[in-house]
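> Below are the sequence and a predicted model; questions follow.
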Amino acid sequence: MAQEPRKTTKTIKYAVVTGANKGIGFEICKQLASHGITVVLTARAEKRGLEAVEKLREYGFSDNIIFHQLNVMDPSINSLAEFIKSQFGRLDILSGPAPPNPPLEGAIMDSDALRALRGGDVVPGEAQINWNDMTQTYDLAVKCLETNYYGAKRSVEALLPLLQLSNSPRIVNVSSSMGKLNVQYLTLLSTQNSAFVYC
């Protein structure tokens, strides 16, 4: 007697990626969508977020990419949680935050000099950042930690109840190894990244 083929139902997974309108966050959206996961791409600026969604749709991800505005420093995080609850009923993956751009957020330095180091005219090994020309202020430190550490913390707190409804929830926070470096003039960046590495 022949066996009937087993019917398999593929469970749709839902993901939120914060700060996803460019860079690492954008690529995470692309990779998740390529695996059939429904992705909520978030960004502070609605225009940039919608442009990122359109770009992903050009890659062929039209059915599983959604935009929702999110600024982790204001109540929009609660709006996002309500949206996910009403649209999907649960959340399977939370990915964020991508490292700040520029990478030295929380410090003031000559941006033209930094751009020159990234340019093609620089001879490798000869480029130098003048760390003495960099300043860090209390206000920038507060903004850096408020956005990049506490913002991520608030996101997890707001979305955790929805993640707990998943059979296999995942929280993935992206950071860098800068938190492990002892660089005198990068204390803000190191502090912020250490918070992710060690908390």
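Right, received. Where do you want to start?
> what's the burial count for Val72?
23 (other CB atoms under 10 Å). Quick note: C-beta positions are derived from backbone N, CA and C, even for glycine.
> Rounded mean pLDDT for stretch 173-191, please.
Here stretch 173-191 scores 56 as its mean pLDDT.
> same question, stretch 24-42
Stretch 24-42 carries an average pLDDT of 95.
> First-to-last residue distance for that stretch?
Counting by CA to CA, to the nearest Å, you get 13 Å between the two ends of stretch 24-42.
> Run through who's touching that stretch.
Residues from elsewhere that reach stretch 24-42 (CB atoms under 8 Å, 6 or more residues apart in numbering): 10, 12-21, 49, 52-53, 55-56, 59, 61, 64-70, 80, 83-84, 88, 92-93, 95-99, 174.
> Buried ones in that stretch, by neighbour count?
Using 16 or more other CB atoms under 10 Å as the test for burial, stretch 24-42 gives 24-26, 28-30, 32-33, 37-42.
> Among these, which lie within strands?
Residues of the buried residues of stretch 24-42 located in strands (DSSP state E): 38-42.
> Please pick the buried ones from the contacts of stretch 24-42.
13-21, 49, 52-53, 55-56, 61, 64-70, 80, 83-84, 88, 92-93, 95-99, 174.
> List the residues that contact the spatially closest residue to Ala15 that is not a sequence neighbour.
Using CB to CB, 6 or more residues apart in numbering and skipping residues adjacent in sequence, the residue nearest Ala15 is Ile93, 3.7 Å away. Ile93 makes contact with 13-16, 32, 37, 169-172 under the criterion CB under 8 Å, 6+ apart.
> Tell me the bridge partners for Ile93.
Ala15, Arg170 (DSSP bridges).
> separation between it and Lys143?
Ile93 sits 28 Å away from Lys143, going by CB to CB, to the nearest Å.
> Likewise for Lys30?
Counting by CB to CB - Lys30 and Lys143 are separated by 29 Å.
> swap in Thr18?
In terms of CB to CB, Thr18 sits 17 Å off from Lys143.
> Ok, Pro169 next?
Relative to Lys143, and taking CB to CB, Pro169 is found at 30 Å.
> for Leu165, same thing?
33 Å.
> Next: Ser168.
Counting by CB to CB - Ser168 and Lys143 are separated by 35 Å.
> Between those two, which has more neighbouring residues?
Under the criterion of other CB under 10 Å, the comparison of Ser168 against Lys143 puts Lys143 first, with 15 against 9.
> which SS state does the more buried one fall under?
helix (DSSP: H, G, I helix; E, B strand; the rest coil).
> Test my guess that Ala20 contacts Arg44.
No. Assessed by CB atoms under 8 Å, Ala20 is found out of contact with Arg44, at 10.7 Å.
> mind checking which helix or strand the nearest residue to Asn78 once chain neighbours are set aside is in?
Distances taken as CB to CB, 6+ apart place Ala158 nearest to Asn78, at 6.1 Å, with adjacent residues excluded. Using DSSP states H and E, Ala158 sits in helix 151-163.
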